[in-house]
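Engineer: give the three-dimensional model of this entry:
(chains A, B, C and D)
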There are 2 protein chains.
Amino acid sequence: MERKCSDEKRKRKPTGAAVPRAELTEALYRAFFAEWAEKGFAAVSLERVAARAGAGKAAIYRRWSSRVAFAAEAVDALGLRMAMIEDRGSLEADVTDFLFRLRVVLRHPLVRRILPDLHAEAARSPEMRTLNTRVAQQRRAHGSTLLERAMARGELPATLNTTLALDLIPAPLYWRMVVVGATPSRQEVAEMGAAITAGLRALA
Amino acid sequence: MERKCSDEKRKRKPTGAAVPRAELTEALYRAFFAEWAEKGFAAVSLERVAARAGAGKAAIYRRWSSRVAFAAEAVDALGLRMAMIEDRGSLEADVTDFLFRLRVVLRHPLVRRILPDLHAEAARSPEMRTLNTRVAQQRRAHGSTLLERAMARGELPATLNTTLALDLIPAPLYWRMVVVGATPSRQEVAEMGAAITAGLRALA
DNA sequence: ATTGGATGGAACGGTATCGTATCGACGATG
DNA sequence: CATCGTCGATACGATACCGTTCCATCCAAT
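Structural biologist: The predicted model follows:
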C-alpha cells in the first residue's frame, strides 16, 4: 500500500506534488485478483487488468516493476486477515471455531481459485515461494495461539510436536474444499473438528 | 491411448494404412506434463510441447481437438496408479503405509507442481473439473479398501462417516508437502499416521 | 497563478502462439 | 510393388501482450 518511487522523489523535491491515487491502486489490486481467478496466474494480462480497473497500462508500470512485484503487494495488501480467535473454553471448541472461519474464507470463489494457483506457482518461482510462505506464516499464527491455549489449559502436553499439529488442523477442510471441491455441512465441520482434536491429543 | 479420427477412417478405407506411432503419443504426453509443470497449465504452448517431443505441431492437432482434450487423455494415460496396498495387519500400519506411498508420489517435482494447478483449473472450467474428479475417484479407491479392512477387523465401526474419513487420511501430508512445500521425515510421517488413526477412531 | 507530477489514453515495434495448410519422405498394408 | 496415411517441417495470417513512450489533462501544493 506504500507507493514506490514517488515517495523518494517527494523527499528530494518537496515542492509541487501529486500522489498516486490510493483508490486506483486498490482497484488495480481487485482487478488483478479477478483476472488471476479467471485465467490463472500465468495467464494474467496486465493490459486486461488495467482495462478492468478503468486505467491505462502506464498506471501499473508506474507503480510496480514486474508482475511478481505486483502480485506480492496485492497479496499482502489483501492480507487474508482472519480475525484472531477468541477463547472458546476448550481445544475442541477452539478447533471447530477455527474450521468454521476457514470454511467462510474457502467458500469465497476467488480464494478457491487463487490459493491452489499460488501453491503451484510457489513450486515454480522463488519469488512466489517467499510470497506463499509469508501467507503461510500469517496462517500459522492463528493455529499457534490455539495450541498454546490448549497447553495452558493442560489439554495438550508442552512436548507437543507443533509443526505436525499445525498441519493437522486446517488440512482436512482444505482438502475437502479445495482438492475435492465440495463444501461440507456445518454438521460435518463439527465432526471434523472432533476428529482433529482427537488426533491432536494422540500426537503427544 | 486410443487414436481418434484415424480409427474411423480406417474402418471406411481399410486398404492402405499408417497408424499414429504410439511412442510419439507417449512422448507428447511427457512433453505436455513437463511444460505444464514448468509454465503452468494456462501457459502451456502446444508449439513448445511439440518441439520438446521432437515432433511437428501437426502431430498434436492430428490427435486431439483441443488443449483440454489433450490434457484429459494425458492425465488418465498417466493414471497416477499407486499400487494397491497390501494388508499391514492394523489400521495404523495401513494408514502409515499409505502415507509413505503418498509421500513418494508427492516428492516428484512434476506432481507437486501439476496437482495444485489441476485443482485451481478445476474451479475454472467444467472439463478440468470432471478431469479432477476422475483423478479423485482413483484416489478414493485406495482409501476405501483401507477403511473396509479396518471395519472388517473391528477397528472401526460400520457406522463410520467414510467421506469424512477419506478426507482425514491424505489431507495432512498433502497440506505439508504441497501447501507448505516441505517434505516431512519418515519419523514425522509415522507420527502423522498415528494421529490420523486416532482421529479416525474418534469419528465413530 | 504557476508548477510538478500523476492520470487515462493511445500508439509503437517486437515477440509469441494460435489453428490451418502444404510439402516431400517414410513405412506399413495389402 | 503400389498405395495411402502419418511423419517432421515450414509457412501462413491473425491475435494478443509485452514494455515503452508520448500526449493532453487534471489536481494539489507552492
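
Engineer: ok, now which ones touch the closest residue to A:A27 other than its chain neighbours?
Structural biologist: Using C-beta to C-beta, 6 or more residues apart in numbering or on different chains and skipping residues adjacent in sequence, the residue nearest A:A27 is A:A53, 4.2 Å away. The C-beta positions use only the backbone N, C-alpha and C, and glycine is treated the same way. Contact analysis of A:A53 by C-beta atoms under 8 Å, 6 or more residues apart in numbering or on different chains lists A:24, A:27-28, A:30-31, A:59.

Engineer: could you measure from A:A53 over to A:A37?
Structural biologist: The gap separating A:A53 from A:A37 is 15 Å, by C-beta to C-beta, to the nearest Å.

Engineer: equivalent analysis for A:V111, please.
Structural biologist: 9 Å.

Engineer: ok, now A:W64?
Structural biologist: In this view, A:W64 and A:A37 are 19 Å apart by C-beta to C-beta.

Engineer: quick revisit: would you mind checking the contacts of A:A53 for buried ones?
Structural biologist: By neighbour count, with 16 or more other C-beta atoms under 10 Å in any protein chain shown, these hold A:27-28, A:30-31, A:59 as buried.

Engineer: state the pair within the residues you listed that is farthest apart.
Structural biologist: A:R30 and A:A59 (13.7 Å; C-beta to C-beta).

Engineer: tally of neighbours for A:S66?
Structural biologist: Using other C-beta atoms under 10 Å in any protein chain shown, A:S66 is surrounded by 11 other residues.

Engineer: please apply the same query to A:H108.
Structural biologist: A count of nearby residues for A:H108, using other C-beta under 10 Å, gives 12.

Engineer: try the one 10 residues further on
Structural biologist: A:L118 has 22 neighbours, counted by other C-beta under 10 Å.

Engineer: now do A:T159
Structural biologist: Other residues within reach of A:T159, judged by other C-beta under 10 Å, total 9.

Engineer: re earlier: ok, so of the buried ones among the contacts of A:A53, who is nearest DNA strand D?
Structural biologist: Ranked by distance to DNA strand D (C-beta to the nearest atom of the strand), the buried ones among the contacts of A:A53 are led by A:A59 at 9.4 Å.

Engineer: what helices and strands are in contact with whichever strand or helix holds that closest one?
Structural biologist: Using DSSP states H and E, A:A59 falls within helix A:57-63. If you count contacts as 3 or more C-beta pairs under 8 Å, 6 or more residues apart in numbering or on different chains; DSSP states H and E, helix A:57-63 packs onto helix A:22-39, helix A:46-52.

Engineer: can you give the distance of the longest one from its chain's centre?
Structural biologist: What separates the centre of helix A:22-39 from the centre of its chain is 15 Å, taken as C-alpha atoms, centre = their mean, to the nearest Å.

Engineer: pLDDT below threshold where in chain A?
Structural biologist: Along chain A, the parts satisfying pLDDT under 70 run over A:1-21, A:79-83.

Engineer: would you quantify the distance from the residue lying closest to A:P184 once chain neighbours are set aside to DNA strand C?
Structural biologist: If the residues on either side of it in the chain are set aside, A:P184 comes closest to A:R176, at 5.6 Å by C-beta to C-beta, 6+ apart. From A:R176 across to DNA strand C, the span is 33 Å (C-beta to the nearest atom of the strand, to the nearest Å).

Engineer: and if you look at A:I60?
Structural biologist: Relative to DNA strand C, A:I60 is positioned 9 Å away (C-beta to the nearest atom of the strand).

Engineer: and for that residue, the neighbour number?
Structural biologist: A:I60, neighbours per other C-beta under 10 Å, totals 20.

Engineer: ditto for A:F33
Structural biologist: 20.

Engineer: cool, and A:N132?
Structural biologist: 21.

Engineer: got a list of what it touches?
Structural biologist: A:N132 makes contact with A:118-119, A:121-122, B:181, according to C-beta under 8 Å, 6+ apart.

Engineer: which of those residues sits closest to DNA strand C?
Structural biologist: Nearest to DNA strand C among those: A:E121, at 17.0 Å, using C-beta to the nearest atom of the strand.

Engineer: secondary structure element holding that closest one?
Structural biologist: helix A:109-122.

Engineer: buried ones in the helix or strand following that helix?
Structural biologist: As assigned by DSSP H and E, the chain's next helix or strand after helix A:109-122 is helix A:126-153. Buried residues in helix A:126-153, counted by 16+ other C-beta under 10 Å: A:127-129, A:131-132, A:135, A:139-140, A:142-143, A:146-147, A:149-150.

Engineer: now the two most distant members of those residues.
Structural biologist: Among these, A:E127 and A:A150 lie farthest apart (C-beta to C-beta), at 35.9 Å.

Engineer: chain center to stretch A:114-121, what's the gap?
Structural biologist: Stretch A:114-121 sits 11 Å away from the centroid of its parent chain (C-alpha atoms, centre = their mean).

Engineer: is any residue of it near DNA strand D?
Structural biologist: No: residues of stretch A:114-121 are not located near DNA strand D by C-beta under 7 Å from any atom of the strand, the shortest gap being 14.9 Å.

Engineer: contacting residues around that stretch?
Structural biologist: Contacts for stretch A:114-121 (C-beta under 8 Å, 6+ apart): A:33, A:36-37, A:40-42, A:75, A:106, A:128, A:131-132, A:135, A:178, B:40, B:113-117, B:119-120, B:123, B:178-179, B:181.

Engineer: go on, stretch A:181-198?
Structural biologist: Residues contacting stretch A:181-198 (C-beta under 8 Å, 6+ apart): A:91-92, A:95-96, A:99-100, A:103, A:106-107, A:112, A:168-169, A:172-173, A:176-177, B:119, B:122-123, B:129, B:132-133, B:161, B:163-164, B:167-168, B:198-203.

Engineer: C-alpha coordinates for it, CSV please?
Structural biologist: Extracted in CSV, the C-alpha atoms of stretch A:181-198 (Å, rounded to 0.1, in the frame of the first residue of the first chain):
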residue,chain,number,x,y,z
GLY,A,181,-14.1,-29.1,-4.4
ALA,A,182,-17.1,-29.7,-2.1
THR,A,183,-18.3,-27.6,0.8
PRO,A,184,-19.1,-29.7,3.9
SER,A,185,-22.2,-29.0,6.0
ARG,A,186,-21.8,-27.4,9.4
GLN,A,187,-22.6,-30.7,11.0
GLU,A,188,-19.7,-32.3,9.1
VAL,A,189,-17.4,-29.5,10.1
ALA,A,190,-18.2,-30.1,13.7
GLU,A,191,-17.4,-33.8,13.3
MET,A,192,-14.2,-32.9,11.6
GLY,A,193,-13.3,-30.7,14.5
ALA,A,194,-13.8,-33.6,16.9
ALA,A,195,-11.7,-36.0,14.9
ILE,A,196,-8.9,-33.4,14.6
THR,A,197,-8.9,-32.8,18.3
ALA,A,198,-8.6,-36.5,19.0
